[in-house]
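>>> Sequence and computational prediction follow.
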Amino acid sequence: MQDDLFAASAQPADAAAARAAELRAQLHHHAHRYYTLDAPEIPDAEYDRLFRELQAIEAAHPELWTPDSPTQRVGGSVLKELRPVRHAVPMLSIRTETDTEASGAVAFDTRVRRELALGEGDPPVEYVAELKFDGLAMSLRYEDGVLVRASTRGDGETGEDVTHNVRTIGQIPLRLAHSVPPVLEVRGEVYMRRDDFEALNERQRAKIAAGAKGEKTFVNPRNAAAGAVRQLDSGIAAQRPLSFFAYGWGEVSGDGLLGSTQFDALMRLKAWGFPVAEQTRVCHGADELVAFHRHIGETRDSLPYDIDGVVYKVNRLDLQQRLGFVTREPRWAVAHKYPAQEQLTTVQAIDVQVGRTGKLTPVAKLAPVFVGGVTVTNATLHNELEARRKDVRVGDTVVVRRAGDVIPEVVSVLADKRVGDPPPFTMPAHCPVCGSAAVREEGEADHRCTGGLFCAAQRKQAILHYAQRRALDIEGLGDKLVEQLVDGGLINTLPDLYKLGFTALAALERMADKSAQNLLDALEKSKHTTLPRFLYGLGIRHVGEATAKDLARHFGSLDRILDASVDALLQVNDVGPVVAQSIRTFFDQAHNREVVEQLRAAGVTWPEGEGAQNTPQPLLGKTFVLTGTFPTLKRDDAKAMLEAAGAKVAGSVSKKTDYVVAGADAGSKLDKAQELGVAVIDEAGMLALLADPPTA
C-alpha cells in the first residue's frame with residue numbers, strides 16, 4: 001500500500017483525476033459482474049489490485065474523493081426480480097491485509113495495540129482466528145426462534161430476499177430448539193463443497209453432452225453457490241448442494257445473550273444449531289496469529305471447501321466497541337489473504353502433450369504469472385471439447401487458476417481483450433510424438449494416440465503394463481528399473497526387453513549380479529505364456545483380462561484376431577462396438593503389428609488353439625463368485641480354471657449368480673449368497689464340478 005501511495009502522490013492532479021474516474025468505472029463494472037450477475041470477468045486478485053490503486057489515489061488526492069466511490073461502500077446491488085431487504089445492522093466488509101506473508105498478522109496486532117494504547121509490558125491481545133470462506137455472505141433473521149427471512153449482503157445497507165432458496169439448505173435450521181432472543185440475526189457464508197461442485201459440474205457436462213440447451217458448467221464453487229442462492233425458482237436451488245457456516249451476527253434483542261467475547265458468541269450460535277468451522281481458534285498475540293495463518297495455509301488444500309484467507313477479530317466485545325469503525329470497515333477485524341489462486345495472463349501458444357496412457361492434452365503456454373504461490377507458465381485445457389467450449393485462442397487474455405498441487409488450468413477467457421480473429425484450437429489428427437493416428441472414441445471427451453507399443457511418450461507405461469503379474473509376469477521389472485532402462489536408452493520398444501544382456505543390467509544403479517541374473521531368468525520364463533495374457537499385456541484400450549480371455553476363447557489364435565473384422569469381433573462375448581473398433585484400430589497400426597511380430601520372433605510363445613471355440617466349455621453360461629482363502633488354490637488360479645471351462649467369474653453376488661465358492665474367512669459375499677439362496681460350495685466342490693460338470 002505504501003508503494004501504491006507513493007506512486008499515486010507522484011501523479012499530476014489531472015492524470016490522477018482521470019485515472020481515479022477510470023478505476024471507479026472499472027470497479028463498479030466488476031462489482032456488478034461479481035455481486036449481481038455472479039459472472040466475474042477478472043480474478044479477485046486483479047479486483048483487489050484496482051481497488052488498492054484507487055484507495056492510494058484518493059489518499060494522495062483527497063479532493064478526488066466522491067461519496068459513490070467503491071472505496072466508500074460495499075460492492076453489490078439488488079436484482080430487480082428479488083425483493084429488497086433493508087439490513088437493521090449494516091453488513092459491512094472488513095479490511096483486507098494485502099501482505100500474504102506472516103507479517104500481515106503482526107501488522108494487524110501492532111495497529112490494535114497502538115489504538116488500544118497498550119505498551120510493551122501489557123499482556124497480549126486475545127483474538128479469534130477464523131477461516132475466510134469463498135462463498136456468499138448471508139444474513140438469517142429469526143423471530144421467536146423461527147427463520148422469517150434470509151437476505152444477501154447486497155450493497156451492505158440493502159440486500160435481496162432469498163428466503164425461498166435458503167430454506168433448501170439443510171444445515172440452516174428453520175426453527176431454533178433452545179431459548180433464543182426474540183430477534184436474532186445470524187451472519188455467515190453460504191458455500192459449496194468441492195466434491196459437491198465437481199458432482200454438479202459432472203451432471204452439467206452430461207446434460208451438455210446429451211444436447212440439452214442453455215446448460216453450462218460452473219467456473220468455481222463460489223459462483224455456483226451464489227447463482228443457486230439467487231435463483232427465482234427454489235426448485236433449482238434445491239438441486240444444487242449448498243452448505244453454511246456461521247461467523248457473526250446482526251440485530252439481537254437483549255443485552256449479553258451472546259456472551260462477552262466473539263468466541264463465546266460463536267459457541268452460543270453453535271449450541272443453537274448453526275455450523276461453526278472447527279478450525280476457529282482463540283489466539284493470544286501476534287505469534288499465535290502467525291502460527292494459525294501458517295497452519296491453515298499448509299492444510300488449506302486438504303479442506304473440503306475453498307477459502308482465500310483467514311480472519312482475525314479482537315475477541316472481547318467491549319474492546320471491539322472501543323476500537324469502533326473507520327469508513328466501511330471495523331478496526332477490530334482484518335482479513336489476511338493467502339497468495340491469489342487466480343490471475344490474469346496471456347496465451348502465447350497451445351501445445352499438445354501425450355500422457356503415459358496415450359491421452360492427448362492441449363496445454364496453454366502462458367506468459368509467466370505468479371499464482372498460487374508459484375510462477376506458472378503452463379495450464380491445462382483438458383481436451384479439445386473443453387478448449388473449444390472456453391474458446392481459448394493464442395493471444396487471448398485468460399484467467400488462470402492454481403490451487404495447491406492441482407495442475408494449473410485456464411478458467412475463462414476475456415473475449416473483449418482479444419486482438420484480431422485467431423483461429424480456434426483444433427486437435428491434430430496425428431500424435432505429435434510418434435505420428436500415429438489420434439482418435440476420439442464415440443462418447444469420449446479425450447483424444448488418444450493409437451501407437452501404444454510404438455509411441456515414445458507411452459513407452460514406460462507400455463513396458464510396465466506388459467510386465468505386470470496378470471500379463472507376462474516379469475518379476476523384478478518395476479517402475480524404477482523401467483525408468484533406468486528407458487532413460488538410459490537400453491529399451492525403446494517391448495522386444496528390446498529380450499535383448500538385454502547381463503553386463504548392461506549389472507552396471508545399472510542398485511543392480512547387483514544376482515539381481516541382473518534374476519531379471520534375465522524372469523524374462524526367459526515370460527516367453528512361455530498364454531494367449532489371453534499376451535493379449536492383455538499389449539495394453540489395447542478397453543481390453544482387460546476378461547475380454548482378452550473371451551478373444552482367445554473365441555478365435556483360438558493370434559493370427560485370426562489380427563485379421564478379424566469389426567463384425568467378426570462383435571461376435572465375441574461381451575465385445576461391443578467401442579471395444580471392437582479399439583481392437584481393430586490397434587492392429588491396423590503397422591508399427592503395433594511390427595512389435596507383435598518382433599515379440600514372437602524373440603521367442604514369446606503360447607499353445608496355439610488354446611481356448612478356441614471348439615475347446616470343451618462345460619461351465620459355459622454359469623456365473624461364479626469367489627470369496628475367502630482356499631486350502632490349496634490361489635484365487636487367480638481358481639478363477640483361471642473356471643474361466644477355461646467357460647464360466648464367468650463375477651466380483652459380487654446377485655440373483656444371477658449360480659455358485660459362490662467360499663473359503664476360510666469368507667465375508668459379506670457369503671452372507672449375501674445365503675440371503676439370496678445361492679448355492680455355496682468350497683474348493684473341493686468347485687474341483688468336483690470341473691471334473692464332473694452338471695448336465696444342462
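Structure received. Numbering: from 1, shown residues only.

>>> host element of T346?
If you go by DSSP states H and E, T346 is part of strand 342-354.

>>> can I get the CA coordinates of the next helix or strand after that strand in PDB?
Counting by DSSP H and E, the next helix or strand C-terminal to strand 342-354 is strand 359-371. Below are the C-alpha coordinates for strand 359-371, written out as PDB (Å, rounded to 0.1, in the frame of the first residue of the first chain):
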ATOM      1  CA  LYS A 359      -4.200 -39.300 -23.800                       C
ATOM      2  CA  LEU A 360      -3.600 -36.100 -25.800                       C
ATOM      3  CA  THR A 361      -4.000 -33.000 -23.700                       C
ATOM      4  CA  PRO A 362      -3.900 -29.400 -25.100                       C
ATOM      5  CA  VAL A 363      -1.700 -27.200 -22.900                       C
ATOM      6  CA  ALA A 364      -1.700 -23.400 -23.000                       C
ATOM      7  CA  LYS A 365       1.800 -21.900 -22.900                       C
ATOM      8  CA  LEU A 366       1.500 -18.800 -20.900                       C
ATOM      9  CA  ALA A 367       3.300 -15.500 -20.300                       C
ATOM     10  CA  PRO A 368       4.800 -16.200 -16.800                       C
ATOM     11  CA  VAL A 369       2.400 -15.300 -14.000                       C
ATOM     12  CA  PHE A 370       2.800 -15.700 -10.200                       C
ATOM     13  CA  VAL A 371      -0.300 -17.500  -9.000                       C
END
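
>>> ok and strand 359-371 relative to strand 342-354, angle-wise?
Interaxial angle, strand 359-371 versus strand 342-354 (axes from the mean of the first three to the mean of the last three CA atoms, to 10 degrees): 150 degrees.

>>> Just the buried positions in strand 359-371, please.
360-364, 366, 369, 371 (16 or more other CB atoms under 10 Å). To be clear about C-beta, it is placed using only N, CA and C from the backbone, and glycine gets the same treatment.

>>> possible to save those as CSV with distance to E198 and pLDDT?
Putting the buried residues of strand 359-371 into CSV (distance: CB to CB, whole Å; pLDDT from 0 to 100) gives the following:
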residue, distance to E198, pLDDT
L360, 23, 93
T361, 19, 93
P362, 21, 94
V363, 21, 94
A364, 22, 94
L366, 24, 95
V369, 25, 89
V371, 21, 82
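
>>> contacting residues around stretch 85-94?
Residues from elsewhere that reach stretch 85-94, judged by CB atoms under 8 Å, 6 or more residues apart in numbering: 74, 137, 139, 149, 151, 153-154, 156-161, 185, 187, 250-251, 311, 325, 328-330, 333-335.

>>> Any idea how far that stretch is from the middle of the chain?
Relative to the chain's own centre, stretch 85-94 is displaced by 35 Å; criterion: CA atoms, centre = their mean, to the nearest Å.

>>> what does the average pLDDT come to for it?
For stretch 85-94, the mean per-residue pLDDT is 90.

>>> Distance across it, terminal residue to terminal residue?
Using CA to CA, to the nearest Å, one end of stretch 85-94 lies 21 Å from the other.

>>> Also stretch 620-635?
First-to-last residue span, stretch 620-635, CA to CA: 20 Å.

>>> circling back: would you turn the buried residues of strand 359-371 into a markdown table with distance to F502?
Converted to a markdown table, the buried residues of strand 359-371 look like this (distance: CB to CB, whole Å):
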| residue | distance to F502 |
| --- | --- |
| L360 | 39 |
| T361 | 40 |
| P362 | 44 |
| V363 | 42 |
| A364 | 47 |
| L366 | 48 |
| V369 | 51 |
| V371 | 51 |
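
>>> what sits up against stretch 313-325?
92, 112, 115-116, 125-128, 130, 258-263, 265, 282, 330-333.

>>> that older thread, restricting to C-alpha, output the strand holding T346 in CSV.
Extracted in CSV, the C-alpha atoms of strand 342-354 (Å, rounded to 0.1, in the frame of the first residue of the first chain):
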residue,chain,number,x,y,z
GLU,A,342,-6.4,-16.9,-9.9
GLN,A,343,-4.5,-14.3,-12.0
LEU,A,344,-4.6,-12.8,-15.5
THR,A,345,-2.1,-13.6,-18.2
THR,A,346,-1.9,-14.2,-21.9
VAL,A,347,-1.7,-17.4,-24.0
GLN,A,348,1.4,-17.5,-26.1
ALA,A,349,0.8,-20.9,-27.8
ILE,A,350,-1.2,-24.1,-27.4
ASP,A,351,0.8,-27.3,-27.5
VAL,A,352,-0.4,-30.9,-27.3
GLN,A,353,1.1,-33.2,-24.7
VAL,A,354,0.9,-37.0,-24.8
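
>>> other SSEs contacting that strand?
When contacts are defined as 3 or more CB pairs under 8 Å, 6 or more residues apart in numbering; DSSP states H and E, strand 342-354 sits against helix 44-60, strand 359-371, strand 397-401.

>>> who wins for proximity to A552 among those?
A552 lies closest, by CB to CB, to one member of these: strand 359-371, at 27.6 Å.

>>> so what strands line up beside the closest one?
Next to strand 359-371 in the sheet, as set by DSSP bridges, lie strand 342-354 (antiparallel), strand 374-380 (antiparallel), strand 447-449 (antiparallel).

>>> out of the ones you listed, deepest packed?
Ranked by mean neighbour count, those are led by strand 447-449 with a mean of 25 (mean count of other CB atoms under 10 Å).
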